[in-house]
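# structure, please.
(one chain, ligands or ions: 1)
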Amino acid sequence: MDVNKFRRKIIAGNWKMNKTVSEAVDLANTIKRELPDGCDMDVVLCPPYTALKAVGDVILNTRIKLGAQNMHWENYGAFTGEICATMLRDLYCHYVILGHSERRIYFGETDRTVNQKVKTAINSHLTPIVCVGETLDQRESGSAKDIVSTQVRESLDGLNVDLGKIVIAYEPVWAIGTGRTATPQQAQEMHAFIREVLSSMVGEEIAQTIRIQYGGSMKPANAAELMSQPDIDGGLIGGAALEALSFVELIKSLK
Ligand code: PEP
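Next comes the predicted model:
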């Protein structure tokens with residue numbers, strides 16, 4: 001199977017709780033202007049909710065796609081402070097990050113809620129970027145693979161045929177925002193393992209079509225080596241996505 005046909009590279013910038021609307025518009029405009037022609041990958045911007053509309057307007061009719069950083073699993077109702085999939089579709093979002101470790105750690109997100117959200121996202125024609133990854137303690141105690149396997153299985157429980165529509169982001173918690181990146185070998189080992197887990201859930205053929213991004217202090221200096229690994233299909237970028245030039249330089253380093 002020609003996996004490149006299915007696993008088009010995907011680079012997504014997670015802006016987290018940063019950027020006012022005008023700052024977000026500036027950042028999106030500069031990225032749009034500086035992005036090299038003919039770069040053969042999906043580029044996704046995930047601004048905070050407040051800037052989704054404005055950034056969506058900037059990237060309208062370009063090949064840059066819009067993503068959100070979270071959503072509720074219900075489609076409407078009395079959930080003060082929440083945002084639903086229909087609202088994201090209304091703003092032309094294509095992607096939604098689900099189960100980011102910061103949501104798991106600070107907001108009590110669990111594999112069960114992630115699973116509910118993934119199902120709603122797929123039913124609403126949003127592509128979920130499902131985040132998994134172990135903490136430093138878990139890695140050091142030798143349980144990283146068990147943890148990641150459970151997160152993958154439980155977050156994607158009951159999806160079966162729809163699994164081909166999702167993106168997984170392997171983000172070791174110890175590498176997020178710390179400047180400490182997983183080595184290409186550590187990342188590849190876990191990505192290959194995640195693909196094995198997926199394969200046991202949906203079969204080898206579908207597992208080979210699922211994109212798995214790496215996230216955790218990815219930057220222009222280390223992106224190409226990480227992305228040269230056979231099971232690494234993209235990057236979820238935090239800090240290096242907040243500056244247009246580092247985000248674009250990272251993308252250019254992959255050409
Ligand atoms: C992230 O939060 O998804 C992330 C990968 O952050 P950073 O690139 O800053 O480590």
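# how much space between the closest residue to the ligand within the stretch 151-255 of the chain and residue 216?
Nearest residue of the stretch 151-255 of the chain to the ligand (CB to the nearest ligand atom) works out as residue 238 at 2.2 Å. For glycine as for every other residue, the C-beta is placed from the backbone atoms N, C-alpha and C. Taking CB to CB, to the nearest Å as the measure, residue 238 falls 8 Å from residue 216.
# residue 253 now?
Separation of residue 253 from residue 216 (CB to CB): 17 Å.
# all the strands of the stretch 151-255 of the chain, in order from the start?
For the stretch 151-255 of the chain, the strands defined by DSSP state E, counting those that start in this stretch occupy 167-170, 211-215, 234-237.
# direction included, what does the second one pair up with?
In the sheet, strand 211-215 lines up against strand 167-170 (parallel), strand 234-237 (parallel) (DSSP bridges).
# so residue 8 touches residue 211, yeah?
Yes: applying CB atoms under 8 Å, one finds residue 8 in contact with residue 211, separated by 7.5 Å.
# looking at the two, which is more packed in?
Shown here are residue 8 and residue 211; by other CB atoms under 10 Å, residue 211 has more neighbours (22 against 12).
# so what's the more buried one closest to, chain neighbours aside?
Using CB to CB, 6 or more residues apart in numbering and skipping the chain neighbours, the partner closest in space to residue 211 is residue 233 (4.1 Å).
# just the pLDDT for the one you found.
At residue 233, the pLDDT value in this model is 97.
# where do the contact lists of residue 8 and residue 211 overlap?
Common neighbours of residue 8 and residue 211 (criterion: CB atoms under 8 Å, 6 or more residues apart in numbering): residue 233.
# now tell me what touches stretch 177-194 from outside.
Residues from elsewhere that reach stretch 177-194, judged by CB under 8 Å, 6+ apart: 132, 144-145, 148-149, 152, 168, 170, 172, 174-175, 212, 214, 216-219, 222, 225-226, 228-232, 238-239.
# which among those end up buried?
Buried by 16 or more other CB atoms under 10 Å: 132, 144-145, 148-149, 152, 168, 170, 172, 174-175, 212, 214, 216-219, 222, 226, 229, 231-232, 238-239, out of the contacts of stretch 177-194.
# re earlier: any shared contact partners between residue 238 and residue 216?
Joint contacts of residue 238 and residue 216 (CB under 8 Å, 6+ apart) are residue 176.
# next step: the buried ones among the contacts of stretch 177-194 restricted to helices.
Judged by DSSP state H, the buried ones among the contacts of stretch 177-194 include 144, 145, 148, 149, 152, 222, 226 as members of helices.
# now the helix with the most length in the chain: mean pLDDT?
In the chain, taking DSSP H as the definition, the longest helix is helix 184-202. For helix 184-202, the mean pLDDT works out to 96.
# what does the chain have sitting close to the ligand?
The chain comes close to the ligand at residues 14, 171, 176-177, 215-218, 236-240, as judged by CB under 6 Å from any ligand atom.
# ok, now with 5 Å
For the chain, the residues found near the ligand under the criterion CB under 5 Å from any ligand atom are 14, 176, 177, 215, 216, 217, 236, 238, 239.
# report the separation between the fifth one and residue 131.
Taken as CB to CB, the spacing of residue 216 relative to residue 131 amounts to 11 Å.
# what's the overlap in contacts for the two?
Each of residue 171 lies in contact with both residue 216 and residue 131 under the rule CB under 8 Å, 6+ apart.
# hang on, the earlier thing: dump the ones in helices among the buried ones among the contacts of stretch 177-194 to TSV, plus pLDDT.
Compiled in TSV, those are given as follows (pLDDT from 0 to 100):
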residue	pLDDT
144	97
145	98
148	98
149	98
152	97
222	96
226	97
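# what count of nearby residues applies to the residue lying closest to residue 8 once chain neighbours are set aside?
Taking CB to CB, 6+ apart, and ignoring the residues beside it in sequence, residue 8 has residue 42 as its nearest neighbour in space, at 5.8 Å. The number of residues packed around residue 42, counting by other CB under 10 Å, is 20.
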